[in-house]
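> Build me a structure from this.
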Amino acid sequence: MKLAFTATLPVMAGYLVLGIGFGFVMRSSGYGTAWSAAEALFIYAGAMQYATVGLLRSHASLLTAALTAFAVNARHLFYGISMLEPYREITKGRWYLIFSLTDETYSLLCDRDLTDKAENRKVFCFAVSLLDHIYWTTGCVLGGLLSSVIPVGSNRADFALTALFVSVFVGQWKNTSEHGPALAGVMCSVASILIFGKDSFLIPAMIMIVAVLLFMRRSGNDA
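Numbering: from 1, shown residues only. All right, here's what the predicted structure looks like:
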């Protein structure tokens, strides 16, 4: 447990800040602390939780919500595939581990330097997943509570989502020398906004990105 706590300290710093931002966004949109806590506990997906604010405000249909959730969290399909073997050995708590597999948790569980130090890999996986979930939930609740006494305009609070995506993008850009997929994502997103508008660009952009990436991969294999 000590190793898991030490390993997740950087995640705690990020999750508390982003969670507090989410609490402020929810409050600025008319939803109290209970809503922030419920989303943190049962949705537990940073980008998707921010996206749900707009879905709630626009009274979006279940179909729209489902398609948006799939588009925003599609990357977890690849995370899940790579974790099939490690999680196969875990019987108790496996469903929670699947549910709580976020970007940051995944990066820690794939770090062999950390997992090799763990006396019990199963306990380590569960501890990292649970601690990260606690950090995020705590941040969302704190944001909801603080926003009731610290007024923040909705425009400034909404920028937290933009900051989240920018920070993820910059981190991935620095950690790889292959920038083709990132540039493809940016160009497809811009093109989709210009064609479909800012309120309807997300799903078309995801389809365009997947198509371009498949084309790039096929071209690379052919070469």
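
> Put the alpha carbons of the helix or strand where residue 95 lies into PDB.
Per DSSP states H and E: residue 95 is located in helix 94-99. This file holds the C-alpha atoms of helix 94-99, laid out as PDB (Å, rounded to 0.1, in the frame of the first residue of the first chain):
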ATOM      1  CA  ARG A  94     -11.800  -7.400 -11.200                       C
ATOM      2  CA  TRP A  95     -14.900  -5.500 -12.200                       C
ATOM      3  CA  TYR A  96     -13.800  -2.500 -10.200                       C
ATOM      4  CA  LEU A  97     -10.400  -2.500 -11.700                       C
ATOM      5  CA  ILE A  98     -11.900  -2.500 -15.200                       C
ATOM      6  CA  PHE A  99     -14.200   0.400 -14.200                       C
END
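
> That one: which residues count as buried?
Neighbour-count burial for helix 94-99, counted by 16 or more other C-beta atoms under 10 Å, picks out residue 97. Where C-beta positions appear, they are placed from N, C-alpha and C, glycine not excepted.

> on contacts alone, who are the packing partners of that helix?
helix 84-88, helix 121-147 (3 or more C-beta pairs under 8 Å, 6 or more residues apart in numbering; DSSP states H and E).

> and of these, who's closest to residue 48?
Relative to residue 48, the nearest member of those by C-beta to C-beta is helix 121-147, separated by 12.2 Å.

> The worst-scoring helix or strand of the chain on mean pLDDT: what's the following helix or strand?
Least confident helix or strand of the chain, by mean pLDDT, DSSP states H and E, is helix 154-174 with a mean of 64. Next in sequence after helix 154-174, counting helices and strands by DSSP H and E, comes helix 180-196.

> who touches that following helix?
169, 172, 173, 201, 202, 204, 205, 208, 209, 212, 213, 216 (C-beta atoms under 8 Å, 6 or more residues apart in numbering).

> ok, the fourth one - contacts?
Meaning residue 201. Residue 201 sits next to 189, 192, 193, 195 when contact means C-beta under 8 Å, 6+ apart.

> The fifth one too?
When contacts are counted by C-beta under 8 Å, 6+ apart, residue 202 touches 68, 71, 72, 192.

> Swap in 7 Å and give it another go.
By C-beta atoms under 7 Å, 6 or more residues apart in numbering, the residues touching residue 202 are 68, 71.

> now the last one
If you count contacts by C-beta under 7 Å, 6+ apart, residue 216 has them with 180, 184.

> With residue 178 as the reference, measure out to it.
Note on residue 216: its distance to residue 178, by C-beta to C-beta, to the nearest Å, is 10 Å.

> Next, the buried residues of stretch 54-72.
55, 56, 60, 68, 69, 71, 72.

> And stretch 71-88, by the same measure?
Going by neighbour count (16+ other C-beta under 10 Å), the buried part of stretch 71-88 is 71, 72, 73, 76, 79, 83, 87.

> of those, closest to residue 21?
For these, the nearest to residue 21 is residue 72 (16.9 Å; C-beta to C-beta).

> Please, which helix or strand holds the closest residue in space to that closest one that isn't next to it in sequence?
Once flanking residues are discounted, residue 72 sits nearest to residue 48: 4.8 Å by C-beta to C-beta, 6 or more residues apart in numbering. Per DSSP H and E: residue 48 is located in helix 46-57.
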